[in-house]
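Colleague: here is my input; please provide its structure:
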Amino acid sequence: MPPVAPDLADIKHSVSSALREDIGAGDITAELIAANEMSSAWVTTREDAVLCGTPWVDEVFAQLDDSVALEWHCHDGQSISAGDTLLTLRGNTRSILTGERTALNYLQLLSGTATIAARYAAIVADTAVSVLDTRKTIPGLRTAQKYAVACGGCVNHRIGLFDAYLIKENHIAGCGSVAAAVAAARSSGNKKTVEVEVETLAELAEALEAGADIIMLDNFSLADMRSGVKICAGRARLEASGNVTLDTLGAIAATGVDYISIGALTKDCRAIDLSLRLDHHAT
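Modeller: Numbers count the residues shown, from 1 in each chain. Next comes the predicted model:
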């Protein structure tokens, strides 16, 4: 089953902005077609993927013309194969064509994110490691891409700056030390998780002494990750981060860390190749 979609208000806001960006003062090409013309259309995939983005497509046509009927043949989180028909639409021809690009933009991008997430998730499926996303998302599509990551079988890290502490080198410099930064977080009255990023085994020891909940091992070698797991001995959860690829993920997971965070899940994804075809004779 797919995960719960982001809040509808977030989807509405995102889609409204996207439609305004694309349509502007009007779709002058669609206006070449008679206003009362009706058509059917279908969306297919040209490649294997994991589907994601159906709530955004639904919202595109809900805002544009809610008389357009959408029939989904697949659901978010489902594996799809080249040639599959994903969606059938029936309604006003102008409306279908005006909404086509915005709808496909969401569907192809989010399916791309879900698909790459599924590839990473498959590598660690037989381990206790969780693959995490990051905040390296496309501006304005944070919750959408986080949803897609979950559809692909990976796990969301913090959504934004508000739901967990992540104390990095500049925060440490500003506070004066790891201990001071962690103490400030603990004394704030905020019960959020406290994570500290470290770059050496000495800094790991300092973060453990300070009482961090999670410690991020930034660009550690495999040998240092293994040493870090022994030093930590379960006193905190460990997250490996930095230049993780499909080729290196398995070896990193084998070091014994708890989490592996990967910015490429959301910042380097490639859109899935989708197509919409119109048949105005079949309504």
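
Colleague: max-length helix in this protein?
Modeller: Across the chain, the longest stretch assigned as helix under DSSP state H is helix 93-123.

Colleague: quick check: buried residues in it?
Modeller: 93-100, 102-118, 120-121, 123 (16 or more other CB atoms under 10 Å). Glycine gets a C-beta too; all of them are placed from N, C-alpha and C.

Colleague: stretch 55-67 now?
Modeller: Buried residues in stretch 55-67, counted by 16+ other CB under 10 Å: Pro55, Trp56, Val57, Asp58, Glu59, Val60, Phe61, Leu64.

Colleague: pLDDT score assigned to Asp279?
Modeller: On pLDDT, Asp279 comes in at 89.

Colleague: okay, now the closest residue to it other than its chain neighbours: neighbour count?
Modeller: The shortest distance from Asp279 to any residue other than its chain neighbours is 5.1 Å, reached at Ser40 (CB to CB, 6 or more residues apart in numbering). Residue crowding around Ser40 was assessed by other CB atoms under 10 Å; the count is 19.

Colleague: same question for Lys230.
Modeller: Considering only other CB under 10 Å, Lys230 is surrounded by 8 other residues.

Colleague: pretty sure it is in a strand, no?
Modeller: No: membership of Lys230 in a strand is not supported by DSSP: H, G, I helix; E, B strand; the rest coil, which gives helix.

Colleague: distance check, it against Leu110.
Modeller: 40 Å (CB to CB, to the nearest Å).

Colleague: same question, Ile262
Modeller: As judged by CB to CB, Ile262 and Leu110 stand 17 Å apart.

Colleague: again with Cys175
Modeller: In this structure, Cys175 lies at 38 Å from Leu110, with CB to CB as the measure.

Colleague: equivalent analysis for Phe61, please.
Modeller: Plainly put, Phe61 is 16 Å away from Leu110 if you go by CB to CB.

Colleague: tell me where this protein has helices.
Modeller: Applying DSSP H to the chain gives helices spanning 8-23, 54-64, 93-123, 142-151, 169-175, 178-187, 201-210, 222-232, 249-253, 264-267.

Colleague: what does the shortest one contact?
Modeller: What that stands for is helix 264-267. Contact with helix 264-267 is made by 113, 116-117, 120, 131, 133-134, 136-138, 145-146, 148-149, 152, 154, 244-245, as judged by CB atoms under 8 Å, 6 or more residues apart in numbering.
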